[in-house]
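**Q** Got a predicted structure plus its sequence, pasted below:
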Amino acid sequence: MPSAPSKRPALSGAARHAAAKKPQNPVPKGPSSHEIRIIGGQWRRTRLKVLDKPGLRPTPDRVRETLFNWLGQDLTGWRCVDAFAGTGVLGLEAASRGAAPVLMVEQDALLVHDLQGNANRLQASMVSVQRGDAVSTLGRLPAGSVDLVFIDPPFDGPWFEPALKAAARAVPVGGWIYLEAPVAWPAEALSALGLHCKRHLKAGAVHAHLLQRTA
């Protein structure tokens, strides 16, 4: 005699549809990624995958193009520091145009790993990646030892003034600092640090400044 079929509660049509769509073994999500594109120099048009993390804000292509028009396309021999490297797009853009050496400083361990991976893919021997605090690292550099410092910190932090002070010491008179900030820095505040704003643009919520050390 065949055994009686087991009694199971009937599912509604909607419940059956949801059960069919539900994955049996969901795969944990890793960090999401997107691409950046180097726009000039030896790695022009090269696309690199970078992590997509909250607060990470790569400098847009249009702003970078304007910045390197301001600086000049050939940075051969320029000593550069990308102080809040993030995706590294500013430091890599400078290296692509001949800057050497280029130091990229980043606090987040995952981003440091990502930066090193992209430097390796490009065989960028002129680029070094360091995990650490950007302001402290700038403060330890010999006075006047770099030609260009990129400062693009998280907008919700207290790093702007300390980073500008440290960068102003790290570059010589005539040296350059690129600053991204949520507001335009007033001339009086920059003058107190021995800096002068040579160029400025606003792109969306970002104010981009090209600063030069004058004293």
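**A** Cool, the structure landed.

**Q** Where does pLDDT dip in this structure?
**A** 1-33, 55 (pLDDT under 70).

**Q** now the strands: where do they sit in it?
**A** Using DSSP state E, the strands of the chain run over 33-37, 47-51, 80-82, 102-106, 127-131, 148-151, 176-181, 195-203, 206-213.

**Q** Contacts only, for the spatially most central residue of the chain.
**A** Nearest to the mean C-alpha position of the chain, counting by C-alpha atoms, centre = their mean, stands residue 86 at 3.1 Å. Residue 86 sits next to 56-58, 106, 111, 152 when contact means C-beta atoms under 8 Å, 6 or more residues apart in numbering. Every C-beta, even on glycine, is put in place using the N, C-alpha and C of the backbone.

**Q** can we see that at 10 Å?
**A** By C-beta atoms under 10 Å, 6 or more residues apart in numbering, the contact set of residue 86 is 36, 50-51, 53, 55-59, 104, 106-108, 111, 114-115, 150, 152-154.

**Q** In ChimeraX, how would I select the buried members of the residues you listed?
**A** In ChimeraX syntax, the buried subset of the contacts of residue 86 is picked out as below (16 or more other C-beta atoms under 10 Å):
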select :36,50,51,58,59,104,106,108,111,114,115,150,152,153
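
**Q** My read is that residue 191 contacts residue 214, right?
**A** Yes: the pair formed by residue 191 and residue 214 meets the contact definition of C-beta atoms under 10 Å, at 8.1 Å.

**Q** Just give me how far the longest helix along the chain sits from the chain centre.
**A** Longest helix of the chain, by residue count under DSSP state H: helix 109-121. Its chain's C-alpha centre and that of helix 109-121 lie 12 Å apart, by C-alpha atoms, centre = their mean, to the nearest Å.
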